[in-house]
Structures are given as structure tokens and as C-alpha cells.
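Participant: below is the structure, and that's it, no one-letter string:
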């Protein structure tokens, strides 16, 4: 049997969601095919957790020792949300030491985690998006100029952060300072985007049997001002799968979502957010490690599409093992 590490945690506030995702993923892996081990990557340390006992991870080869026996992994199922598991750092590390991992490559991880850079690349492939202004905490910026370019209301968000952490909807210039302080707590870089008045959808996409497929389109109806952390994880929203959009719009969402995925040469599971305005989906961001807690959107989409999570992760692990043959390690 393959020795598989289910790796969760991370160094950001998203680690709480990651640990919840880990449990569903762990339960979805076939115990008759895999020796499963929960591995935590946290600020306080890296360790394997078995029956409540912690075994430190050796960072030279991502192994651990139990009862005097060294345990190595054949594959990593990565479910770290945020840094360092969603921004390319762990992927580059695993590739350097030759351990296959699920999801996309380190470059795609780093690119998609950086909202500004991802939008800039996808723009070259004709993917519509909101007007935006990028600012850095250490460089001067002019609120009047920003408001004139993006209009009001607008959204202020950390450039590199997930789970809607640090995002604010700004309705007047007086609200910018508070919103920027909130965003800068998550990241030194901030993206300010124009408000798009339309239907928000979350689109699950993956590579299945060599073909890029849309798993599902979920309509997001937030009970708050927007789809913030509370709406995502504390029940303050409705998530409707399939989305209540007509067939023509559905085809357009699918076409743009597949184009975005393939343009970035993505592999693995992804979930992208769009706002549909006048039938045209406008790209917001791509999440390459979407949540897998029971309340998360992607598992709901997979269930609606008739895709068993056990089969899905069998496919992800097979892709990871096959990809290793292309590495020069």
C-alpha cells in the first residue's frame, strides 16, 4: 500500500479551516489502498499526528520516526490553505526532495495566490475582470485617484490571502483608512477592485482522465454585504448548486472557467469565483486548494455531479505519481 500524508495547517489564520478540511479528505481516502497519516505544518512545528501523539517531521526528507523506525511517504495530499501550502513554497520543497504531491505545480500555486498577477496573466487570454488598483503598504497612494478609477462602492482586499480574510466593502472615501488597515494586517500588498453588480458564482474545475471538466457552478447569495468569512464558514449565506442561471449563461461560465484553468496550465482541483454581469462572467480569483470541510462548496459540487470523493482523490494521487516521472530529480 502507498504511504500517503494528508498535510494540513499552514501559517495563516486559514489553518483552522485547513484542519477541518483534513478530516474529510482523510476519511475519503480508501484505507485498503493507502496507509494514511495526518501531518501538521504549523508555525510551532511540523509533525505527524497518530492517535493524538506527535512525531516531528524531518525536513530533509519529510519523514518521521516511530518506535525507532523511519517512515517515508510515497505521496502527499496537500490540503494546506494559505501560506505555505497554497502559495508554492511547500510544492517547491516537495518537488526538490522528490515527493509527489496533489494539486498544481509550485509556479501555478504562487501565481494564483497573487490576485494581481493572476488577473494580469488571464487578461492576456481575454478573461474579463473588474477594474482594479494595486497598492503597497510601503509606497504612497492617493485615495482620491483610486476612488476616481475604480468608483464607489469598491472592495479592498489583501492581494495574497484567502477565505475572504481582510476584505472590506467601501462605500465612501472616509471608509478607506479602516479598510486598508484591515487588509494590511493580512498582507503588505492590497488590491482595490470596482464593485460589480451581478450574480456571484463559484466554479469547481479539475482535470479528470486528462480532460478539463467543470464539476459544478454554485450561486452564492450572501446574507452579509458580500461573501465574507462569516458568510463562508458561519452559515450567513445560501450556496445554491446548480446556480440559477440560464443555459446560455451556464455555457459561458463553463467556457471561461475552462479557458482560465487551461490558460494557466493548471492541474488538480480548483475553485474560481466570478461575478456575472449582463451574462458575462468577470473573474475574481482562483483557489487552488479549496476547502474540503463538510460545509465547503467543492464537495457539494462533486456530490451533485455524482463524483465520489474517494474516486476523486484516487485520480488526484494517480496524477501526482505520474507527474513525478517528468521531474528531473
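Facilitator: Looks like it arrived, so ask away. Computed from a predicted structure; not experimentally measured.
Participant: next one: the residue minimising distance to the centre of the chain from residue 73, what distance?
Facilitator: Per Cα atoms, centre = their mean, the C-alpha nearest to the average position across the chain is that of residue 287, at 2.7 Å. According to Cβ to Cβ, to the nearest Å, residue 287 stands 25 Å off from residue 73. For glycine as for every other residue, the C-beta is placed from the backbone atoms N, C-alpha and C.
Participant: go on, residue 312?
Facilitator: Taking Cβ to Cβ as the measure, residue 312 falls 20 Å from residue 73.
Participant: what of residue 18?
Facilitator: Note on residue 18: its distance to residue 73, by Cβ to Cβ, is 18 Å.
Participant: ok, now residue 203?
Facilitator: Distance from residue 203 to residue 73, by Cβ to Cβ: 31 Å.
Participant: neighbour-wise, which of the two wins?
Facilitator: Of the pair residue 203 and residue 73, residue 203 is the one with more neighbours under other Cβ atoms under 10 Å, namely 27 against 24.
Participant: the closest residue to that one other than its chain neighbours: what secondary structure?
Facilitator: The shortest distance from residue 203 to any non-neighbouring residue, by Cβ to Cβ, 6 or more residues apart in numbering, is to residue 257 (4.5 Å). Of the three states, residue 257 takes helix under DSSP: H, G, I helix; E, B strand; the rest coil.
Participant: report the contact partners of residue 257.
Facilitator: By Cβ atoms under 8 Å, 6 or more residues apart in numbering, residue 257 lies in contact with 203, 205, 214, 272, 274, 281.
Participant: now with 10 Å?
Facilitator: 127, 201, 203-205, 212-215, 217, 270-272, 274, 281, 283, 286 (Cβ atoms under 10 Å, 6 or more residues apart in numbering).
Participant: what are the buried residues along stretch 122-136?
Facilitator: For stretch 122-136, burial by neighbour count (16 or more other Cβ atoms under 10 Å) applies to 122, 127, 129-130, 132-135.
Participant: in strands, which of those residues appear?
Facilitator: Using DSSP state E, 132-135 are the members of the buried residues of stretch 122-136 that sit in strands.
Participant: isn't residue 87 up against residue 110?
Facilitator: Yes: in terms of Cβ atoms under 10 Å, residue 87 counts as a neighbour of residue 110; the distance is 5.6 Å.
Participant: shared neighbours, the two?
Facilitator: Common neighbours of residue 87 and residue 110 (criterion: Cβ under 10 Å, 6+ apart): 160, 288.
Participant: for the two, indicate the residue with more neighbours.
Facilitator: Legend: neighbour count by other Cβ under 10 Å for residue 87 and residue 110, higher for residue 87 (24 against 20).
Participant: how far away is the more buried one from residue 81?
Facilitator: As judged by Cβ to Cβ, residue 87 and residue 81 stand 10 Å apart.
Participant: same question for residue 299.
Facilitator: In terms of Cβ to Cβ, residue 299 sits 14 Å off from residue 81.
Participant: next one: residue 157
Facilitator: Separation of residue 157 from residue 81 (Cβ to Cβ): 16 Å.
Participant: contacts only, for residue 156.
Facilitator: 133, 135, 146, 150, 166-170, 175-176, 178-184, 190-193.
Participant: quick one: the host helix or strand of it to strand 132-136, angle?
Facilitator: In this assignment (DSSP states H and E), residue 156 forms part of strand 154-158. Relative orientation of strand 154-158 versus strand 132-136 (axes from the mean of the first three to the mean of the last three Cα atoms, to 10 degrees): 40 degrees.
Participant: residue 49 in helix, strand or coil?
Facilitator: Per three-state DSSP, residue 49 ends up strand.
Participant: show me what it bridges to in the sheet.
Facilitator: Going by DSSP bridges, residue 49 is paired in beta bridges with residue 38, residue 54.
Participant: start the count at 34 instead of 1 going forward.
Facilitator: Renumbered: residue one is now 34, and that last one reads residue 82.
Participant: surely it meets residue 70?
Facilitator: Yes: Residue 82 is within contact range of residue 70, at 8.0 Å (criterion: Cβ under 10 Å).
Participant: looking at these two, which one has more neighbours?
Facilitator: Legend: neighbour count by other Cβ under 10 Å for residue 82 and residue 70, higher for residue 70 (19 against 15).
Participant: contacts only, for the more buried one.
Facilitator: Going by Cβ under 10 Å, 6+ apart, the list of residues near residue 70 reads 36-40, 59, 81-83, 88, 97, 99, 104, 106.
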